[in-house]
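Visitor: pasting the sequence and the predicted model now:
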There are 2 protein chains.
Amino acid sequence: MQKELREHIEKIVTLTDEEYGFIMSNFIVKHYKKREFLFREGEDVPYIYFVISGLLMLVYTDDTAKQHIVSFAMEDWWESDNLAYFTQTKATMSLQCLEDTSVLCLPLESYRLLCAELRKMEYFFLQKANAGHIAAQRRILSFLTSNAGERYEQLLKRYPSLYQRVPKTLLASWLGVSRETLSRLWRTS
Amino acid sequence: MQKELREHIEKIVTLTDEEYGFIMSNFIVKHYKKREFLFREGEDVPYIYFVISGLLMLVYTDDTAKQHIVSFAMEDWWESDNLAYFTQTKATMSLQCLEDTSVLCLPLESYRLLCAELRKMEYFFLQKANAGHIAAQRRILSFLTSNAGERYEQLLKRYPSLYQRVPKTLLASWLGVSRETLSRLWRTS
């Protein structure tokens, strides 16, 4: 089952079997059921997660108990509360399964070990970090410039499978619109 | 004048004089006047910029010619249109000086060379990329959860000097509020 990670890494750097064996020895495989939490707000964030199969959502709950969806993560995506993970502080967000989900978990000390021992992995993580930063910049831009209709169009275009897999109420939250507005967008698109 | 970059890098990794000499040989120093553009939308983005002194703003102009401020960058900050820089595509944003500004410019081939030749620099850029990703995640969260008043409070708390240096009309754009709303926030804070 771990071939997914190898294929994912080898899009950026090629690996020998020995190197891949070493990389995998640093990950822990975990399986979660739909609705289970990988971590909750206020808890430690021991891992960064690579999604083998399934679907996760990163959620922030505000003072009025309203939930805000920061991001979704499906197959081949990395997800965590990055601030809490890299600074070893408590989570400000929760990570929850929308489907039964299998993940590869990487502790921070293993992240650092992989970077130190295997130059290729440091290079790989640098590419991923830059890509993550770029994706976040694009989402900031979409908040500044797009209305909900445009964000909805972007979502359908970039991540068509999300529309099939994510409940509409949660899609509306991610877009920052009401459930009713999403229905209207869906009917007119 | 280049001591600023050395002090900045040495917050993360220590350097020998020889290493720092090699690093500096990859940068180009440039000086810009207030209101000058480092690059404009539609142009190539040859560099990532380290600000030695001065103040920059990264701006997106929408279809109706309205300007949206994605970020400000002052001393010790790195700035560019990261998507355009790393993928060598045309800029979707413009980078403009709000004050006379001196920057150190790093071409992409030099970024790659520094990472390949100097392990410490790859590590340094990985830390910076992760920090940039985290900062962008926090700004996304602030759009999802905060009203303009809260974003204004966060701005004053995290970057008090920006309030002194940035024209109020531009601060309002960054916050996503009208100039009038910003005046009201200022009077009541």
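Guide: Yep, that arrived. Residues are numbered from 1 along each chain as shown, chains lettered A, B, ... in the order given.
Visitor: now check the helix or strand hosting A:Trp174, is it near chain B?
Guide: Taking DSSP states H and E as the definition, one finds A:Trp174 inside helix A:168-175. No: using CB under 8 Å from any CB of the partner chain, helix A:168-175 stays clear of chain B, coming no nearer than 8.7 Å. (C-beta placed from N, C-alpha, C; glycine too.)
Visitor: quick check: bridge partners of A:Trp78?
Guide: On the basis of DSSP bridges, A:Trp78 is bridged to A:Phe50.
Visitor: can you pull the buried residues of stretch A:31-40?
Guide: By 16 or more other CB atoms under 10 Å in any protein chain shown, the buried positions in stretch A:31-40 come out as A:Tyr32, A:Leu38, A:Phe39.
Visitor: just the CA trace of that stretch, in PDB.
Guide: Extracted C-alpha coordinates of stretch A:31-40, given in PDB (Å, rounded to 0.1, in the frame of the first residue of the first chain):
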ATOM      1  CA  HIS A  31      -6.400   4.100   9.600                       C
ATOM      2  CA  TYR A  32      -9.300   6.300  10.700                       C
ATOM      3  CA  LYS A  33     -13.100   5.900  10.400                       C
ATOM      4  CA  LYS A  34     -15.400   8.600   8.900                       C
ATOM      5  CA  ARG A  35     -15.900  11.400  11.400                       C
ATOM      6  CA  GLU A  36     -12.900  10.400  13.500                       C
ATOM      7  CA  PHE A  37     -10.500  13.200  14.500                       C
ATOM      8  CA  LEU A  38      -6.700  12.900  13.800                       C
ATOM      9  CA  PHE A  39      -6.300  15.800  16.300                       C
ATOM     10  CA  ARG A  40      -8.500  18.400  17.800                       C
END
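Visitor: so what touches it?
Guide: Identification of contacts with stretch A:31-40 by CB atoms under 8 Å, 6 or more residues apart in numbering or on different chains yields A:30, A:45-47, A:49, A:54, A:56, A:81, A:91, A:94-103.
Visitor: now with 10 Å?
Guide: Here stretch A:31-40 makes contact (CB atoms under 10 Å, 6 or more residues apart in numbering or on different chains) with A:30, A:43, A:45-47, A:49, A:52-56, A:58-59, A:61, A:79-81, A:84-85, A:90-91, A:93-103, A:105.
Visitor: now, which of the residues you listed lie close to chain B?
Guide: Contacts with chain B within these, counted by CB under 10 Å from any CB of the partner chain: A:Leu58, A:Thr61, A:Asp81, A:Ala84, A:Tyr85, A:Met93.
Visitor: what's opposite the second one in the beta bridge?
Guide: For A:Thr61, the beta-bridge partners under DSSP bridges are A:Gln67.
Visitor: quick one, the lengthiest helix in chain A and helix B:168-175 angle?
Guide: Counting by DSSP state H, the longest helix found in chain A is helix A:119-145. Orientation check (axes from the mean of the first three to the mean of the last three CA atoms, to 10 degrees): helix A:119-145 against helix B:168-175 gives 120 degrees.
Visitor: I'd like the next helix or strand past helix A:119-145.
Guide: helix A:148-158.
Visitor: of the ones next to chain B among the contacts of stretch A:31-40, buried ones?
Guide: Buried residues within those, counting neighbours by 16+ other CB under 10 Å: A:Leu58, A:Asp81, A:Ala84, A:Tyr85, A:Met93.
Visitor: off-centre distance for stretch A:35-47?
Guide: 13 Å (CA atoms, centre = their mean, to the nearest Å).
Visitor: contacting residues around the residue nearest the centre of chain A?
Guide: The residue lying closest to the centre of chain A (CA atoms, centre = their mean) is A:Glu79, at 3.1 Å. A:Glu79 sits next to A:38, A:47-51, A:56-58, A:70-73, A:95, A:103, A:132 when contact means CB under 10 Å, 6+ apart.
Visitor: thinking again about what came up before, quick check: the two most widely separated of the ones next to chain B among the contacts of stretch A:31-40?
Guide: Between any two of those, the greatest separation by CB to CB is 18.7 Å, found for A:Thr61 and A:Tyr85.
Visitor: circling back: please flag which of the ones next to chain B among the contacts of stretch A:31-40 sit within helices.
Guide: Reading helices off those with DSSP H, I get A:Ala84, A:Tyr85.
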